[in-house]
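Student: predicted model and sequence follow; I will ask about them next.
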Number of protein chains: 2
Amino acid sequence: MLKTIGGGVCAAKGFTAAGVHAGVKAGSAPEKNDLMLLYSEAPCNAWGMYTKNVVKAASVLLTREHLRNGAARAVVANSGNANACCGGSMENARRMARCAAAALGVAEEEVAVGSTGVIGQTINISAIEDAIPAAAKALSREGSGAAAAAIMTTDTVKKEEAVSVEIGGRTVCIGGISKGSGMIHPNMGTMLCFLTTDCAISKGLVKKALEQAVRVSFNRISVDGDTSTNDTCLLLANGLAGNAEICEEGEAYARFVQALTEVCVRLARRMAKDGEGAKHLITCTVAGAKDEAAAERLAKSVIGSSLTKAAVFGCDANWGRILCAMGYSGEEFDPERVDVTFASRGGEVAVCRAGRGLPFDEDLAKRVLSEDEVTIGITAGDGPGCCTCWGCDLTYDYVRINGDYRT
Amino acid sequence: MLKTIGGGVCAAKGFTAAGVHAGVKAGSAPEKNDLMLLYSEAPCNAWGMYTKNVVKAASVLLTREHLRNGAARAVVANSGNANACCGGSMENARRMARCAAAALGVAEEEVAVGSTGVIGQTINISAIEDAIPAAAKALSREGSGAAAAAIMTTDTVKKEEAVSVEIGGRTVCIGGISKGSGMIHPNMGTMLCFLTTDCAISKGLVKKALEQAVRVSFNRISVDGDTSTNDTCLLLANGLAGNAEICEEGEAYARFVQALTEVCVRLARRMAKDGEGAKHLITCTVAGAKDEAAAERLAKSVIGSSLTKAAVFGCDANWGRILCAMGYSGEEFDPERVDVTFASRGGEVAVCRAGRGLPFDEDLAKRVLSEDEVTIGITAGDGPGCCTCWGCDLTYDYVRINGDYRT
C-alpha cells in the first residue's frame, strides 16, 4: 500500500528545494551547505510543532507567528548558528523571512524560518541575505539532498525520506528532510524537520495529522536528554495531487496519517541512529504495560539511561541497568513480572524472566549487541499498553564532540 | 563552632568498625576490602532513607523492616554485588544480618544491611558468612578507613567525614562514611552512607534530622541521572556523649542538624567529585528563583545536562547549553533576566547578562574551567529562592567505565 520513493522533500508535486553555502559560521568549509530554501509553487495548508523549552530561538517564535493562520509557501533555514539568546535575534529572523519572501515573490508571512547551531552568538545575517538570491535561483525538483545537507550540524548523514500512497484514486506523495544529532530528547530535540505533501487536506487536519505523527515518532527518540531551543517540525500541503480535499477523519485521512507517520518514524530512527557519536541504534519496545502512556514512560526511561547506553556501547548485556531505569521512570509496575530480551540481526537472547536473571550464552549476547541496530524487548506485565522508542548508545565520540563543540 | 575532626564513622564515642576481604566478586584482588561491619557498644536510635526506585534491592527492603522501630546496633555491608533482581536475594540479606548478629551478640533485628555492586547476579553468601567473624574480631576505633574502603566500587577515593559540636555543654561527634560514583542522581543514587553520632537524641528527631540533612545534601547531587536500586543512608545515635537527650526542636536540635548537614554535604560533594570518570566537581548555585524548589529544579537540570557536563569536561564556556537546560527544567522563568557566571580558584568570568551573551576573555574562561572545582553561578530573576547542587563532568572515562562494568 505504501511505496517508498525517492525525491525526499521534493517528492511531492510542486515543491522545489535548494541548499547553498552562505558562510554562517566563520571559517566553515566552502563546500559545507549551510542555507536551505524550500518552495511550493502553490499555496499550502501548513502547521508546525516546536520545542517546549522555555528558552525559544527567534526562528521558533517567528515561525509560530507566521503559521498561526495555517498557511505557508516557503521555508528558509540555516545551520551554524541557533540565533537564540543574543541581541537582535528576532529582527534577524525577520530579515531572513523578508529576504526569502522578496527572492521568491511571496508574502513575508508565508515564509517559515529555521535555525540550528550554537546558542548565544549573534548570527551573520548579511551572509544569509547575500546567499538567499542564489538559493532561490538554485531551487529545483532535485534539490532535496542539497537542502538536507544544508541543515546538518554534527549529523554525519543526510536524512531524507518519501513515500507515496493512493488516496481517493490519486497518488499522493509525502516526503521530508530532517536534521538532529545532539540535544535530542522526547518532545523533540535540536531537530529541524520539513515535511511536504501534495495531498489536498484541510488546515485543521494538517495540524491534527502532524500532531499524531510527531507523537509516535520524533517525540519517542532520545539522544542525550537535552531538549533544545530550536526544534521545529513543519508540514506543508499544497494540494497538487488533485485528490478530493480531505476534510474529515475518514478512511482517506487514516491513509494519509499512516503514510505521514511512516515518513516521520523513518526520519526519527535515522536521527537516533545518527545520534552524536552513536555506534548503535537502540530500539526499545515495551509491552504488557498498564497502558500506552505507561509503556512510553518505561521505554523512554530505558533509552534515556546513561548507564544502559554505555552498556550497549560496550556490547555488555547488563540488563540490571534496564530494570533499574524502569524502576525510576515514575511508573508503577511489578518488578517480578518483567522479562527482558536483546535482539538484533545477530540473534536473540533472553536475559531476564520474571525479574530474575536467566543463565545465558555470553558469546551470543556479545554477538547480538555487536550489531549496529539492537532491540531491547521488555514485557512489563500483562497489561494492554505497548510502545516503541528509539535511542542510541553513549560513546567516547559523544564526549569528544560535545567537549569542544563551540570553539 | 563546628570542628572538623578525624575518625570518620568511628569518631563518635562507642562506635567501632572494620573492613575485610570476603571475595564477594569472583576473582577480586585479595587486598580489596569488600565487607564492612559497624558496631555500637550501646543501643542506638536509628533511621534510614532509601532509594525511591520501584526496583529495590533486598538489603533495602530488609533494613527498612529492621529499622521500623527506630532502633539499631550494627551495620553489615558488602560491595561487589547488589543482591538485587535475583533468586533468593531476600533470604541472603537475612543471612547477612543473622550472621552479623551472631558474631556481635545482638538481635538480628538490630542489624542493618547494605549491598552495592552489579545487579542481577546471585550473591556469594558463603563468602560473606565466612568473613563476618573475622570482621567482628577486627572491629576497632580506628576501623573507619577500612570500612570506607570495603564499600567502594568504582569509587577512586575513600569518603569519610566527621565534625564535633558543643551541645548542652557536651562535645557531640557526628561522623560518617559513604560510597557512590555512578548511578548517582538526586533522590539518592548507588550510594551507601552510614552516619554515626554519640548525641543523645530521640527517635523522632533522629528521623527528622536525617531527612532534613539528606534533602539538602545527597538529594542535590547527580552524576549520571540514574537512580539505583540500593541507595541507603543510615543514622545511628547511641547517646554516649552524655548530653541531655534532645527531645524537641530547640537550639540544641538546630545545632545538631547543622552539624549533621555539614557532614552530609561534605560527603555528598566528595561523591560528586569522585563521580565515575569525573575530572571536575561542578557546583551550580541558582539565586533569584521564585522559591527554593524552583531554584533546585533549575540547578538540577543544569548539573544533569549531558551537554553542559561535556562542555565542562572540554573546559568550554558554552553557556548557551546552561540556558537550554534551565529551559527544559519544567520551571517557568524569564530567559531575559538570566545571568550566568563561571568561577573557580582560577578566577571568575561573567558570560551571560539578561539572557544575552557578554563578550568575554576566552583565555580567562579556559583558565577558570580548567580547575578541578568549578562553580556555575546563575541568577534566574529577582525572586527569593536559591539552591546549590553538585555534579560532575561527562568524560571519556565515564563511558569506558560503564561500557564494561559487569564483565
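Tutor: Alright, I've got the coordinates.

Student: what is the rounded mean pLDDT of the lengthiest helix in chain A?
Tutor: For chain A, the helix that runs over the most residues, judged by DSSP state H, is helix A:251-273. Mean per-residue pLDDT for helix A:251-273: 92.

Student: from chain B, how far out is A:Ile246?
Tutor: Distance of A:Ile246 to chain B, given as C-beta to the nearest C-beta, to the nearest Å: 35 Å. Bear in mind the C-beta positions are built from the backbone N, C-alpha and C, glycine included.

Student: how about the stretch 51-200 of chain A: which residue is closest to chain B?
Tutor: In the stretch 51-200 of chain A, the residue found nearest to chain B is A:Ile119; the distance is 2.6 Å by C-beta to the nearest C-beta.

Student: quick check: that residue is in a strand.
Tutor: No. If the criterion is DSSP: H, G, I helix; E, B strand; the rest coil, then A:Ile119 is coil and not within a strand.

Student: got the contact list for it?
Tutor: Applying C-beta atoms under 8 Å, 6 or more residues apart in numbering or on different chains to A:Ile119 gives the contacts A:57, A:82, A:84-85, A:229, B:318, B:320-321, B:323-324.

Student: farthest-separated two in these?
Tutor: A:Ala57 and B:Asn318 (15.8 Å; C-beta to C-beta).

Student: of the two, who's got more company?
Tutor: A:Ala57 (31 against 25; other C-beta atoms under 10 Å in any protein chain shown).

Student: before we move on, back to that, how far is the longest helix of chain A from where the chain is centred?
Tutor: Using C-alpha atoms, centre = their mean, to the nearest Å, the mean C-alpha position of helix A:251-273 is found 11 Å from that of the whole chain.

Student: also stretch A:237-245?
Tutor: Centroid displacement of stretch A:237-245 relative to its chain, using C-alpha atoms, centre = their mean, is 25 Å.

Student: which outside residues touch that stretch?
Tutor: Outside stretch A:237-245, the residues that touch it by C-beta under 8 Å, 6+ apart are A:12-15, A:40-46, A:167-173, A:196-202, A:206, A:252.

Student: A:Cys233: what secondary structure?
Tutor: Applying three-state DSSP: A:Cys233 is strand.

Student: and it, what does it touch?
Tutor: Applying C-beta under 8 Å, 6+ apart to A:Cys233 gives the contacts A:48-50, A:178, A:188, A:191-195, A:210, A:214, A:218.

Student: equivalent analysis for A:Glu371, please.
Tutor: A:Glu371 makes contact with A:280, A:344-346, according to C-beta under 8 Å, 6+ apart.

Student: picking that back up, how about the longest helix of chain A, which residues are buried there?
Tutor: A:252-253, A:255-273 (16 or more other C-beta atoms under 10 Å in any protein chain shown).

Student: just stretch A:93-102 next, same as before
Tutor: Residues A:93-97, A:99-101 are the ones in stretch A:93-102 that count as buried (16+ other C-beta under 10 Å).

Student: and it, anywhere near chain B?
Tutor: No. Applying C-beta under 8 Å from any C-beta of the partner chain, one finds stretch A:93-102 separated from chain B by no less than 15.4 Å.

Student: distance from that stretch to the middle of the chain?
Tutor: How far stretch A:93-102 lies from its chain's middle: 25 Å, per C-alpha atoms, centre = their mean.

Student: which neighbouring elements make contact with the longest helix of chain A?
Tutor: Judged by 3 or more C-beta pairs under 8 Å, 6 or more residues apart in numbering or on different chains; DSSP states H and E, the packing partners of helix A:251-273 are strand A:159-167, strand A:170-179, strand A:192-197, helix A:203-215, strand A:221-222, strand A:281-289, strand A:385-392.

Student: worst average pLDDT in those?
Tutor: Among those, strand A:221-222 carries the lowest mean pLDDT (a mean of 82).

Student: how many residues are close by A:Val216?
Tutor: Neighbour number of A:Val216 under other C-beta under 10 Å is 17.

Student: who's in contact with the nearest residue in space to it that is not next to it in sequence?
Tutor: Closest residue to A:Val216 apart from its sequence neighbours, by C-beta to C-beta, 6 or more residues apart in numbering or on different chains: A:Thr261 at 6.3 Å. Shown in contact with A:Thr261 (C-beta under 8 Å, 6+ apart): A:212-213, A:216-217.

Student: nearest to chain B, of those residues?
Tutor: A:Ser217 (19.5 Å).

Student: let me see the contact set for the closest residue to that closest one other than its chain neighbours.
Tutor: In space, and not counting its chain neighbours, A:Ser217 is closest to A:Cys264: 3.6 Å by C-beta to C-beta, 6+ apart. Listed by C-beta under 8 Å, 6+ apart, the contact set of A:Cys264 reads A:176, A:193, A:195, A:213-214, A:216-218.

Student: dig out what A:Cys387 forms beta bridges with.
Tutor: Under the criterion DSSP bridges, A:Cys387 forms beta bridges with A:Val286.

Student: A:Thr196 too?
Tutor: A:Gly175, A:Leu236.

Student: from the contacts of A:Ile119, which ones fall inside helices?
Tutor: Using DSSP H, the contacts of A:Ile119 in helices are B:320-321, B:323-324.

Student: reformat those residues as CSV; add neighbour count, pLDDT and distance to B:Gly7.
Tutor: CSV is the format used below for those (neighbours: other C-beta atoms under 10 Å in any protein chain shown; pLDDT from 0 to 100; distance: C-beta to C-beta, whole Å):
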residue, neighbour count, pLDDT, distance to B:Gly7
B:Gly320, 29, 88, 46
B:Arg321, 29, 88, 42
B:Leu323, 24, 91, 44
B:Cys324, 32, 87, 45
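
Student: which of these lies closest to chain A?
Tutor: Checking the ones in helices among the contacts of A:Ile119 one by one against chain A (C-beta to the nearest C-beta), the nearest turns out to be B:Gly320, at 2.6 Å.

Student: what about the residue nearest to the closest one when sequence neighbours are not counted, distance to A:Ser217?
Tutor: Leaving aside its chain neighbours, B:Gly320 sits nearest to A:Ile119 (2.6 Å; criterion: C-beta to C-beta, 6+ apart). To A:Ser217, A:Ile119 is 25 Å away according to C-beta to C-beta, to the nearest Å.

Student: restrict stretch A:343-361 to CA atoms and write it as PDB.
Tutor: Output of stretch A:343-361 as PDB, limited to C-alpha atoms (Å, rounded to 0.1, in the frame of the first residue of the first chain):
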ATOM      1  CA  ALA A 343      17.700  -9.000  19.700                       C
ATOM      2  CA  SER A 344      19.400  -7.900  16.500                       C
ATOM      3  CA  ARG A 345      20.300  -9.400  13.100                       C
ATOM      4  CA  GLY A 346      22.900 -11.300  15.200                       C
ATOM      5  CA  GLY A 347      20.200 -13.300  17.000                       C
ATOM      6  CA  GLU A 348      18.100 -13.100  20.200                       C
ATOM      7  CA  VAL A 349      19.000 -13.700  23.800                       C
ATOM      8  CA  ALA A 350      16.600 -13.700  26.800                       C
ATOM      9  CA  VAL A 351      18.400 -12.400  29.800                       C
ATOM     10  CA  CYS A 352      15.700 -11.800  32.400                       C
ATOM     11  CA  ARG A 353      12.500 -13.700  33.200                       C
ATOM     12  CA  ALA A 354      10.000 -12.600  35.900                       C
ATOM     13  CA  GLY A 355      12.500 -10.100  37.300                       C
ATOM     14  CA  ARG A 356      15.300 -12.700  37.700                       C
ATOM     15  CA  GLY A 357      18.400 -13.200  35.700                       C
ATOM     16  CA  LEU A 358      18.400 -16.200  33.300                       C
ATOM     17  CA  PRO A 359      21.600 -18.100  32.600                       C
ATOM     18  CA  PHE A 360      22.600 -17.000  29.000                       C
ATOM     19  CA  ASP A 361      25.300 -17.500  26.500                       C
END
